[in-house]
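Student: Predicted model follows, preceded by the sequence.
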Amino acid sequence: MVHHSDDWARIVEDARHYPSPHNSQPIKLRPIDDRTAELYYDLDLGLPAESFGIPFGHVCAGVFLEGLRTVAAGNGFAVSEQLDHREMDFASADRLHSLGTVTLSEHPATDADRARHRLFLERRTSRRPYDATMVPDAALTEAAHVADSAGHAFRTTADPATVRDLVRINQSTLFSDLRNDAVYDEIMTWLRFSRDEARERGDGLSAEAMLMPGGVLRFAMGHRGLWQTPVIGSGIRSVYLNTMRGVRQLGWLEGPFDSPADYIEAGRTFLRLWLALTARGVYLHPFGTVITNPGSHRAFVDTVGANEGRGRMAWMLFRFGHSKRPPVAHRRPAAAMLIGAAR
Ligand SMILES: Cc1cc2nc3c(=O)[nH]c(=O)nc-3n(C[C@H](O)[C@H](O)[C@H](O)COP(=O)(O)O)c2cc1C
């Protein structure tokens, strides 16, 4: 029998709320005793259709590890990691890619630890229109500090023409991705067209989270050829761009992005930055597909003059600002994340 303690159960109950691309929740955990667990990336829940989808597997692992550390700290534990930095092989027969092990040790929770744990649970992606107000400079300074301390650079623009161009690039990424059969199939796997389906499956991208009536989304996605026609294409484009009203600022991260260890550190940095903005009531919406789509990535880098080369990359772009509270993205139950005796 596989034994695991109540501590793991309590930690996983909250740690499963980490954000993941397409809300695919690929991280799995196998407790081997009260204090140690093996960590895996479930390759069947990965998004390898785009070339940079593969590094994003490790970015997601980094996001998870930072979340785990945050939840564990709030519960009175420190986490030490013994990570396995092998590249992921999506063709592997073994569908569980080992990420290494994590070990808990008792460490009294401070008020700050508990506050950060709460922030982790509050954090949400907002794909709603923003209210066109600027985020205070202090928040930008803090974001820059979070990035700097991990060897990354946080850059931001509030130049209206640049913001408009980048929002356009993000929108056209969707159109371009849908023309690519592999990427289209991947997206279709994760779209949830009704509220019931989103809740029951507890994963994926719900129509609600994307501010679309489920029936419209289902029709639009089922007839992707129509996106190329002038009338329907421009209709879909304007519905999409309408959700981007009030976007005043965009931010991006540049830094080392050349190996699994780099990708993991990038992921950690991203969640830290996200929590720092959450603490100030600022929402964020990652434009990760602009990074994973090679044409969009090039257009983005050209538009902002990103500093790339020698192992450095502009590896994340996002909009951020103030909006109404967005709908919740559901999670699968903790049992789905735990690998026990019955796999
Ligand atoms: C590395 C990363 C990349 C992401 N890229 C995108 C993206 O390109 N477009 C998007 O709408 N959401 C993106 N997201 C947001 C996820 O879809 C979102 O976190 C997930 O659906 C769970 O929702 P929540 O953040 O509200 O909990 C990304 C998230 C992460 C962690």
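Tutor: On my side now, so go ahead.
Student: can you list the residues that contact stretch 254-264?
Tutor: 55-59, 61-62, 65, 83, 85-88, 147, 150-153, 155, 265-266, 269, 306-308, 311-315 (Cβ atoms under 8 Å, 6 or more residues apart in numbering). C-beta here means a position set from N, CA and C on the backbone, and glycine is covered the same way.
Student: Kindly format the C-alpha coordinates of it as PDB.
Tutor: Extracted C-alpha coordinates of stretch 254-264, given in PDB (Å, rounded to 0.1, in the frame of the first residue of the first chain):
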ATOM      1  CA  GLU A 254      13.700  38.400 -20.900                       C
ATOM      2  CA  GLY A 255      16.500  36.200 -19.600                       C
ATOM      3  CA  PRO A 256      18.300  32.900 -19.700                       C
ATOM      4  CA  PHE A 257      16.200  30.400 -21.600                       C
ATOM      5  CA  ASP A 258      18.400  27.700 -23.000                       C
ATOM      6  CA  SER A 259      18.000  24.500 -20.900                       C
ATOM      7  CA  PRO A 260      15.500  22.800 -18.600                       C
ATOM      8  CA  ALA A 261      17.100  24.300 -15.600                       C
ATOM      9  CA  ASP A 262      16.600  27.800 -17.200                       C
ATOM     10  CA  TYR A 263      13.000  27.000 -18.100                       C
ATOM     11  CA  ILE A 264      12.200  25.900 -14.500                       C
END
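Student: State the mean pLDDT of it.
Tutor: Mean pLDDT, computed over stretch 254-264, is 98.
Student: And stretch 275-294, by the same measure?
Tutor: pLDDT averaged over stretch 275-294 gives 97.
Student: buried stuff in it?
Tutor: 275-279, 282-293 (16 or more other Cβ atoms under 10 Å).
Student: contacts with the ligand among the contacts of stretch 254-264, please.
Tutor: With Cβ under 6 Å from any ligand atom as the criterion, the contacts of stretch 254-264 include Phe56, Val59 near the ligand.
Student: Just the buried residues of the contacts of stretch 254-264.
Tutor: Buried, going by 16+ other Cβ under 10 Å: 55-59, 61-62, 65, 83, 88, 147, 150, 152, 155, 265-266, 269, 306, 312-315, out of the contacts of stretch 254-264.
Student: Quick check: phi and psi at the residue nearest to Thr36 when sequence neighbours are not counted.
Tutor: Among residues not flanking Thr36 along the chain, Thr103 sits closest, at 4.8 Å (Cβ to Cβ, 6 or more residues apart in numbering). With angles defined as degrees, to the nearest 10, Thr103 sits at phi -130, psi 130.
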